[in-house]
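Q: This is the structure alone, sequence omitted:
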Ligand SMILES: [Zn+2]
């Protein structure tokens, strides 16, 4: 009788052990299946390329919840995180988006020679350019001596705040009217362009007419009322540095080459066959500004150190 009872106890103990093992196995399987998109997203930067996209994005245009896994990179040299209070006295609202959100420029230095950085023209889709602008604003606020005495630097934090608010996905690329702002400037403008070789996940518009969007108008007004010599418009991702001008403007080419040397971003850029219409860089170049579209390596990282070097080039750059 005792013998029977003890083997019964042993059976229960082994049963509990088996249950435990099954639970551990179950947790491993669940963990592996919880992030099915990770392997894919790791290779996305190669094909997921902002305005100059040749290849289709992964087959589902609707973003899956894996998007929420996005974590902006924190650069090591950034001493203080960006806050609106921090840089408040440097902040100027230069206009409002179609949905009424402010478009902000932060000013550093007060020299007569002016330079400009524009981030977020493609909104949340290229949200890491906005992260970079914020990191640069915070860093420069703490290190104002980085700006030479004869220079003024303007940083436009987010040219497309409606797209930024919509989210970090393809739907965050246009403004609130479905216009691709980097197709809306009044140089080589088209309402609808030849999509071959271009980013074409959503059928965005170039606008009702050249410069039709309030964001574009705010940018045009700012450029026309300042004396900016050189400008970087940030994008992501991966195709490199595109000089402004059609054909490429000589000064813009020189700027692109100098930026490529310190960042490693490709110049000449990778050509996908897309013919770009109505871009900010082409518009700036048409006004005599050395201008480039410069793409970060992916949609996540801000690559702070190499872009601080890029800023140094932008500040020191001399008209050839
Ligand atoms: Zn872009």
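A: Noted; the coordinates are in hand. All figures in this text were calculated on a predicted structure; none of them were measured in a lab.
Q: which ones are touching the residue in the stretch 151-300 of the chain that the ion sits nearest to?
A: Nearest residue of the stretch 151-300 of the chain to the ion, counting by CB to the ion: residue 235, 3.3 Å away. C-beta: built from backbone N, CA, C; applies to glycine. Residue 235 makes contacts with 50-51, 121-122, 126, 129, 182, 293-296, as judged by CB atoms under 8 Å, 6 or more residues apart in numbering.
Q: In strands only, show me those.
A: If you go by DSSP state E, those have 293-296 in strands.
Q: Out of these, which end up buried?
A: 293-296 (16 or more other CB atoms under 10 Å).
Q: For these, give me a markdown table that also has pLDDT.
A: Listed next are these as a markdown table, based on pLDDT from 0 to 100:
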| residue | pLDDT |
| --- | --- |
| 293 | 98 |
| 294 | 98 |
| 295 | 98 |
| 296 | 98 |
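Q: still on that earlier bit, just give me the closest of the ones in strands among the contacts of residue 235 to residue 176.
A: residue 293 (22.7 Å; CB to CB).
Q: hang on, that closest one packs against residue 282?
A: No. At 9.2 Å, residue 293 does not count as touching residue 282 under the criterion of CB atoms under 8 Å.
Q: which residues do those two both contact?
A: What both residue 293 and residue 282 touch, as defined by CB under 8 Å, 6+ apart, is the set residue 244.
Q: Any idea how many residues pack against residue 302?
A: Other residues near residue 302 come to 24 when the count uses other CB atoms under 10 Å.
Q: from now on call the first residue 30
A: Sure, I'll start counting at 30 from here, so that last one is residue 331.
Q: which outside residues touch stretch 285-302?
A: Outside stretch 285-302, the residues touching it (CB under 8 Å, 6+ apart) are 78, 81-83, 225-227, 261, 267-272, 321, 323-326, 332, 335-336, 338-339, 341-343, 346.
Q: Repeat that for stretch 214-222.
A: 212, 234-240, 245, 248-249, 275, 304-309, 311-312, 315.
Q: out of the residues you listed, which are inside helices?
A: 245, 248-249, 309, 311-312, 315 (DSSP state H).
Q: Which members of those are classed as buried?
A: 245, 248-249, 309, 311-312, 315.
Q: Tabulate those (a markdown table), appending pLDDT.
A: A markdown table is the format used below for these (pLDDT from 0 to 100):
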| residue | pLDDT |
| --- | --- |
| 245 | 98 |
| 248 | 98 |
| 249 | 98 |
| 309 | 98 |
| 311 | 98 |
| 312 | 98 |
| 315 | 98 |
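Q: of those residues, closest to residue 185?
A: Of all those, the one with the least separation from residue 185 (CB to CB) is residue 248, at 7.5 Å.
Q: Please enumerate the strands of the stretch 130-279 of the chain.
A: 131-137, 142-147, 180-185, 257-265, 270-272 (DSSP state E, counting those that start in this stretch).
Q: Turn those into JSON lines, including mean pLDDT.
A: Output for those, formatted as JSON lines (pLDDT from 0 to 100):
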{"stretch": "strand 131-137", "mean pLDDT": "97"}
{"stretch": "strand 142-147", "mean pLDDT": "98"}
{"stretch": "strand 180-185", "mean pLDDT": "98"}
{"stretch": "strand 257-265", "mean pLDDT": "98"}
{"stretch": "strand 270-272", "mean pLDDT": "98"}
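Q: of all those strands, which lies closest to residue 191?
A: strand 131-137 (10.2 Å).
Q: Strand 180-185 and the closest one, what's the angle between them?
A: 160 degrees (axes from the mean of the first three to the mean of the last three CA atoms, to 10 degrees).
Q: Keep the contacts of stretch 214-222, but drop any that are not near the ion.
A: Filtering these for proximity to the ion by CB under 5 Å from the ion leaves nothing.
Q: Show me how the record splits this structure into domains.
A: 31-98, 117-345 (automatic domain parsing).
Q: Next, format the ones you listed as TSV and append distance to residue 111.
A: Formatted as TSV, the domains of the chain follow (distance: least, CB to CB, whole Å):
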stretch	distance to residue 111
domain 31-98	21
domain 117-345	4
